[in-house]
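K.L.:
this one's sequence-less:
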Ligand SMILES: Nc1nc2c(ncn2[C@@H]2O[C@H](COP(=O)(O)OP(=O)(O)O)[C@@H](O)[C@H]2O)c(=O)[nH]1
Ligand SMILES: [Mg+2]
Ligand SMILES: [Zn+2]
C-alpha cells in the first residue's frame, strides 16, 4: 500500500485510531486496563472473569472494533461508566471451535480450547457419520479429540456399541464410558480433562450438560432451562459457557456447539481430517485424486483390502458430497 494516499475520511479515522491506541496505552500504564477471560456471551454483552480475581465476574459491553467475542477469549477490559465494564481488546486465539451460522458461514463458538469430547449415548442413537464429522473437524482445527459413550446405565447389550466404537480405538482415539446419573466413569473423564480446555460436543440430549453438572456439582447449571430454551436462529440461547475444573483446566458447554462440523471444506482438507487416511494421501495415481472413482486410488484400494474402515470411507464420501454415497 506504499504511496497510496488516504482520503480525508480515512486519515481522520487513522488519527482517531492512533489517539485511541495512545489512550489505551496510557490507561494500561495507569493500571486501569485489566486482563480477563470471557465466561459467556449474552447478545451484545459478555461476562468477563477478572484474571486477578478468579471467580469474580463482570458484565461488559464490547468495544465496536472487536469483531467476535466468545467463551474462552482472553481480553483486556476496564470499568465502564455504568455498572458494566467494557472489553477494549481481544487477544489472538490459539484455536477456535467453529460452527455454521444461519447462512452456513463458519463462526467461532468458543476460543482457546485444546480438545473436544464427542459425547454419544444410546439415546438419542449415535450416527457414525456424525461422529466422523466431529472428528474430522477437530483434526482440522488442531484439537485433540476423545469419544465418550454416556448413559451406559441404559445399555443392556454392549455389543453394538463396542462394534461402533472399536474402529475409533483402533485408529488411536481414546474412548471413554460414563454415566452422568450414577456418576460412574467420571474419574477417568476428569483425568482426561485436567489441565485442558475442553468443549463437549454432540447431539442434543446425549447428556453433555448433565456430565458437566456431575463433574462440577457446585456450579449452578440450568440444564433443563438450557436444553428447552434452544430455538433455532436465536443466538442468545446458543451461547457457550466456560467452567473451571477444581483440579485445573476448563470446560465449555454450549447447546449450539452440537452443530460443530465441517462446512464446505475441500476434499483434500476433509481427507486429512481422517487420521488413518493420511498414510495413503499423496500416493494415488492422480495428484488431485478425490478418492471417489478415480483409477489407481490408493485409499480406495486400502478400503478394499480392509485396511481402512468402509464406514469411515463412506463418511468421507458423504462429507465431500459424493452423490453415490
Ligand atoms: N439414564 C441417563 N440419562 C441421562 C444421563 N445423562 C443425561 N441424561 C438425561 O438425558 C437428558 C439430556 O441431558 P442433557 O445433559 O440436557 O443433554 P445435552 O443436550 O447433551 O446437554 C436429560 O433428561 C438427562 O437427565 C445418563 O448418564 N443416564
Ligand atoms: Mg446441554
Ligand atoms: Zn485416491
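P.N.:
Happy to help now that I have it. This structure is a prediction, so every number in the text was calculated from the model and none was measured. Residues are numbered from 1 along each chain as shown. Ligands and ions are numbered 1, 2, ... in the order given.

K.L.:
alpha carbons only for contacts and neighbour counts from here, please
P.N.:
Fine.

K.L.:
tell me the average confidence for the longest strand along the chain?
P.N.:
Determined from DSSP state E, the single longest strand within the chain is strand 34-42. In this model, strand 34-42 has an average pLDDT of 94.

K.L.:
distance between the next helix or strand after that strand and the chain's centre?
P.N.:
Downstream of strand 34-42, the next assigned helix or strand under DSSP states H and E is strand 45-50. Distance of strand 45-50 from its chain centroid, counting by C-alpha atoms, centre = their mean, to the nearest Å, is 19 Å.

K.L.:
got it, and stretch 168-188?
P.N.:
With C-alpha atoms, centre = their mean, you get 19 Å for stretch 168-188.

K.L.:
List of residues touching the helix or strand containing residue 119?
P.N.:
Element membership for residue 119 (DSSP H and E) is strand 115-120. The contact list for strand 115-120 (C-alpha atoms under 8 Å, 6 or more residues apart in numbering) reads 126, 131, 134, 138, 143-150, 196-203, 206-208.

K.L.:
Kindly report the same for stretch 105-114.
P.N.:
68, 70-73, 93-101, 142-144, 196-199, 239-240, 252, 256-257, 263.

K.L.:
do that again at 7 Å, thanks
P.N.:
Stretch 105-114 has contacts (C-alpha atoms under 7 Å, 6 or more residues apart in numbering) with 70-73, 93-101, 143-144, 196-198, 240, 257, 263.

K.L.:
now stretch 136-152
P.N.:
If you take C-alpha under 7 Å, 6+ apart as the criterion, stretch 136-152 is touched by 95, 114-122, 135, 173-180, 207, 261-262, 270, 273-274.

K.L.:
centre of the chain versus that stretch, how much separation?
P.N.:
10 Å.

K.L.:
and it, how far apart are its ends?
P.N.:
For stretch 136-152, the first and last residues are 25 Å from each other (C-alpha to C-alpha, to the nearest Å).

K.L.:
Whether whichever helix or strand residue 146 is part of contacts ligand 1 - can you check?
P.N.:
If you go by DSSP H and E, residue 146 is part of strand 144-149. No: between strand 144-149 and ligand 1, judged by C-alpha under 6 Å from any ligand atom, nothing touches; the nearest distance is 9.1 Å.

K.L.:
Could you check the angle that strand makes with strand 115-120?
P.N.:
20 degrees (axes from the mean of the first three to the mean of the last three C-alpha atoms, to 10 degrees).

K.L.:
Return the residues of the stretch 151-300 of the chain in contact with ligand 1.
P.N.:
151, 153-154, 179-181, 204-210, 223, 227.

K.L.:
Which of the residues you listed ranks first by neighbour count?
P.N.:
residue 208 (27 neighbours; other C-alpha atoms under 10 Å).

K.L.:
What does that one show for phi and psi?
P.N.:
Reported as degrees, to the nearest 10, the phi and psi values for residue 208 are phi -60, psi -50.

K.L.:
Give the helix, strand or coil label for the nearest residue to it once chain neighbours are set aside.
P.N.:
Spatial nearest neighbour of residue 208, chain neighbours left out: residue 200 (6.1 Å); criterion: C-alpha to C-alpha, 6 or more residues apart in numbering. Classification of residue 200 by DSSP: H, G, I helix; E, B strand; the rest coil places it in strand.

K.L.:
Residue 200 reaches residue 250, doesn't it?
P.N.:
No: the pair residue 200 / residue 250 is not scored as a contact, 11.0 Å apart, by C-alpha atoms under 7 Å.

K.L.:
more neighbours, these two?
P.N.:
A count of neighbours by other C-alpha under 10 Å puts residue 200 above the other of residue 200 and residue 250, at 24 against 19.

K.L.:
and which of the residues of the stretch 151-300 of the chain next to ligand 1 is nearest residue 60?
P.N.:
The nearest member of those to residue 60, counting by C-alpha to C-alpha, is residue 223 at 24.4 Å.

K.L.:
Show me which residues of the protein are close to ligand 3?
P.N.:
The chain comes close to ligand 3 at residues 284, 289, 291, 297, as judged by C-alpha under 5 Å from the ion.

K.L.:
what two of those have the greatest distance between them?
P.N.:
Within these, two members stand farthest from each other by C-alpha to C-alpha: 284 and 291, at 8.2 Å.

K.L.:
hang on, isn't residue 36 packed against residue 73?
P.N.:
No: if you go by C-alpha under 7 Å, residue 36 and residue 73 don't touch, sitting 8.4 Å apart.

K.L.:
follow-up on the earlier one: give me the more crowded residue out of residue 284 and residue 291.
P.N.:
Higher neighbour count among residue 284 and residue 291: residue 291, with 22 against 19, using other C-alpha under 10 Å.
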